[in-house]
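In: Just need the structure, nothing else, for what follows:
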Amino acid sequence: MREPAIAWWPGKISPGQVSHQVGSLMDLFPTVLDLVGIQPPSDRPIDGISLKDTLLQNTQVHRPVFYYRGNTLMAVRLGDYKAHLWTWTNSIQEFNRGVNFCPGEEIQNVTTHDQVEHDPWLLFHINRDPGEKYFIK
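Out: Residues are numbered from 1 along each chain as shown. Next comes the predicted model:
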């Protein structure tokens, strides 16, 4: 979810513009529709939002971002904060075969090979702790 993106559109997107907008792949469809002036279909839910104003005017859209693993809600981000409902890296079988989803990142009760549910949820301040190593107590 924290992958940088580069957009280039001479005459439309200001050169050198930097944004800290959080986006999702789900936002691509509504953004493209908005850029070309097409209304999104109304016969189904569209989970993403248009980021046209972010691209063209560098405005921020503040909204929650939901993180799923499969069909299960795993975490929620709002602004500078992210809450984990549960954590899990990968199975011990994968790990023993050399697959490590979090190399060098060992955080007790977070980087586990079994799903760990958290009550209360683990809360992180993403801007101060982008690696999500120190949860707020």
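In: where does residue 25 sit relative to residue 135, distance-wise?
Out: Going from residue 25 to residue 135 by C-beta to C-beta, to the nearest Å gives 27 Å. C-beta coordinates here come from the backbone N, C-alpha and C atoms, glycine included.
In: doesn't residue 93 fall inside a strand?
Out: No: if the criterion is DSSP: H, G, I helix; E, B strand; the rest coil, then residue 93 is helix and not within a strand.
In: tally of neighbours for it?
Out: The burial count assigned to residue 93 is 9, neighbours taken as other C-beta atoms under 10 Å.
In: Check what pLDDT it gets.
Out: At residue 93, the predicted lDDT confidence score is 92.
In: can you list the residues that contact the longest helix along the chain?
Out: Longest among the helix segments of the chain by residue count, using DSSP state H, is helix 28-36. Contacts with helix 28-36, where a contact means C-beta atoms under 8 Å, 6 or more residues apart in numbering, come from 39-40, 46, 48-52, 55.
In: Kindly indicate which of these lies nearest residue 106.
Out: Of all those, residue 48 has the smallest distance to residue 106: 34.2 Å, by C-beta to C-beta.
In: roughly how far apart are the closest residue to that closest one other than its chain neighbours and residue 45?
Out: Nearest-residue entry for residue 48: residue 26, 3.5 Å, with adjacent residues in sequence omitted and distances by C-beta to C-beta, 6 or more residues apart in numbering. Noted for residue 26: a distance of 11 Å to residue 45, by C-beta to C-beta.
In: Neighbour count: these two, which is higher?
Out: When neighbours are counted by other C-beta under 10 Å, residue 26 and residue 45 differ, and residue 26 comes out ahead with 14 against 7.
In: So the more buried one is in contact with residue 51, correct?
Out: No: here residue 26 lies out of contact with residue 51, judged by C-beta atoms under 8 Å, at a distance of 10.7 Å.
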